[in-house]
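Q: what's the 3D shape of this:
(one chain, ligands or ions: 1)
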Amino acid sequence: MTPPVSEKEKIDKYTEFVGSGLGRELARRLGLPQPAILRRYDPQAPLVEGPILVVGPGVGADAVATVLLGWGQDVRRHASPKEKLGAIVAVLDELAHPDQLSAPVREIGSSLRELARNARIVTISRPAQAGDVPEVAAARHAVDGIVRSLAKELRSGATANGVLLAGDLPADAPSAMASLRFFLSGRSAFVDGQFLAAGDAGTRAEQDWARPLDGRVAVVTGAARGIGAAIARTLARDGAKVVVVDVPAAGDRLADVANEIRGTALQLDITATEAGARILDHAASRHGRLDIVVHNAGITRDKLLANMDAARWDSVIVVNIAAQLRMNQAFLASSHFADSPRIISVSSTSGIAGNRGQTNYAASKAGVIGMVRATAPLLAAAGGTVNAVAPGFIETEMTAKIPFATREVARRLNSLQQGGTPGDVAEVIAFFASGAAAGVTGNVLRVCGQNLVGQ
Ligand code: NAD
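A: This next block holds a predicted model:
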């Protein structure tokens, strides 16, 4: 029987078991993985659970502390012994030599034992760039190694991620603060060991944290089930009017999703030549505009390349990347898609690290990453952004079909020792779609709990 679309997302049974007193104790004694029950976004819940320690010597750290105070957070500039911390924010925007890392990193290290469950560590720094003197580039890129290693050391659902400031942006630039807020919040529950590049948002950044998509019109492809249905629900919760798209064969479930979120359904095969025009017509006739496009529909047709036939190869390329390229041409040419438009594409960690038996799928998902980077400048003139999410192991109908032993290994092989939920992917997409993320473009953000395989 088809489960109701509003059914609460399930975490795997093992994670549920070791989340309780007895299970936790048993797992500890036997040295088994101890995945935490992650703190997921709840609009009513506090941003973080406990005070935020801001580390860093410069004016940037003071400015970030001021923003956090403005958000009503309990901010510390020095750790107090034995006080449980909800988060540590390290502002490292003035690094000029690796020698300067020692003091802030040791300050972080000495507070790690005081982290609350599901705490957050977020760095704010600058990316190393061509033209940097070697000492500056070394110091800046060292932050990469710190964050990725720390993320692997943290336990109890805590994560470490970083914000990278473009050009001369100040540490408290709106897009940097939006990215910081995303990493602190439960929206980033399954994002670990990753970086977001924050660019100049000009005057476009909006900060409606409660209903960040109020009045925006979104389309989500492949929304009849799985990750797509979760994206549609999350965008609707955040205030968007949502058009859900899927193939006619999935029409009943698509209608269920549309009804649940008070959106509209459009039965459409995205590989049709006129798919982009059909979506624009549908959105424009009902809402007069289209603001957010989420390219989620995707398929797999796995085979080792030695056994790959043309049909398997071609169908994956056509659905997963060629259709997106063609639809984007239609969207970019439309006056209905011109007011700070957003495109978010669903890639995959297979498109970053590669996967045996998935040359076709990995080609299509790596292609998505190439497309996103090349499309960012094309959208900039209209104040638009385009980003990709790259999910790792997500608990869906697709992954439920993987044989038990393989599935169990796949879902534990990340720093958070569990699979993500469709909602975890959806929250990241909702962040990219939000007004506050106006300066955040051209990113590929992995939603994989810091999968230990690949980059
Ligand atoms: P799913 O198979 O459950 O859902 C995909 C939806 O896309 C289905 O409803 C399907 O009918 C629709 N679709 C397929 N072809 C279409 C077409 N031509 N036109 C319109 N709709 C079409 O998949 P999912 O697990 O929810 O995955 C969603 C996206 O996330 C995909 O792009 C997938 O590659 C990606 N992804 C998933 C995982 C995971 O672990 N589940 C991991 C990485 C990436």
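
Q: which residue packs closest to L332, ignoring adjacent ones?
A: L378 (6.1 Å; CB to CB, 6 or more residues apart in numbering). Every C-beta, even on glycine, is put in place using the N, C-alpha and C of the backbone.

Q: roughly how far does that neighbour sit from I344?
A: L378 sits 15 Å away from I344, going by CB to CB, to the nearest Å.

Q: who's more crowded, the two?
A: I344 (26 against 12; other CB atoms under 10 Å).

Q: what's opposite that one in the beta bridge?
A: Beta bridges link I344 to V294, N387, judged by DSSP bridges.

Q: was I right to think it contacts H295?
A: Yes: if you go by CB atoms under 8 Å, I344 and H295 touch, sitting 7.3 Å apart.

Q: three-state assignment of the spatially closest residue to W313 that is not a sequence neighbour?
A: Leaving aside its chain neighbours, W313 sits nearest to N360 (4.8 Å; criterion: CB to CB, 6+ apart). Of the three states, N360 takes helix under DSSP: H, G, I helix; E, B strand; the rest coil.

Q: which residues touch N360?
A: Residues counted as contacts of N360 (CB atoms under 8 Å, 6 or more residues apart in numbering) are 301-303, 308, 312-313, 316-317.

Q: top of the residues you listed by neighbour count?
A: Most neighbours among these, by other CB under 10 Å: V316, with 25 neighbours.

Q: local confidence estimate at the spatially closest residue to that one that is not a sequence neighbour?
A: Nearest residue to V316, sequence neighbours excluded (CB to CB, 6+ apart): N360, at 4.2 Å. In this prediction, N360 carries a pLDDT score of 98.

Q: buried residues, stretch 399-415. List them.
A: By neighbour count on 16 or more other CB atoms under 10 Å, the buried set for stretch 399-415 is 407, 410-415.

Q: picking that back up, so the residue nearest to V316 versus P403, what's the distance?
A: Taking CB to CB, one finds N360 at 21 Å from P403.

Q: sorry, back to before: quick check: the residue nearest to W313 vs M398, distance?
A: Taking CB to CB, one finds N360 at 16 Å from M398.

Q: quick one: distance of the top strand by length along the chain to the chain centre.
A: Longest strand in the chain by number of residues (criterion: DSSP state E): strand 115-125. With CA atoms, centre = their mean, to the nearest Å as the basis, strand 115-125 stands 16 Å off its chain's centre.

Q: what strands line up against that strand, and which way round?
A: strand 85-92 (parallel), strand 159-165 (parallel).

Q: how long is stretch 123-130 end to end?
A: Using CA to CA, to the nearest Å, one end of stretch 123-130 lies 21 Å from the other.

Q: got the contact list for it?
A: 60, 64, 89-93, 95, 136-138, 140-141, 143, 146-147, 160-166, 171, 176, 180, 197.

Q: give me that answer again for 6 Å
A: Stretch 123-130 has contacts (CB atoms under 6 Å, 6 or more residues apart in numbering) with 90-93, 137, 140-141, 143, 147, 162-165, 171.

Q: check stretch 413-423 too.
A: Here stretch 413-423 has contacts from 9, 15, 33, 35, 151-152, 190, 192, 226-227, 230, 393-395, 411, 447-452, using CB under 6 Å, 6+ apart.
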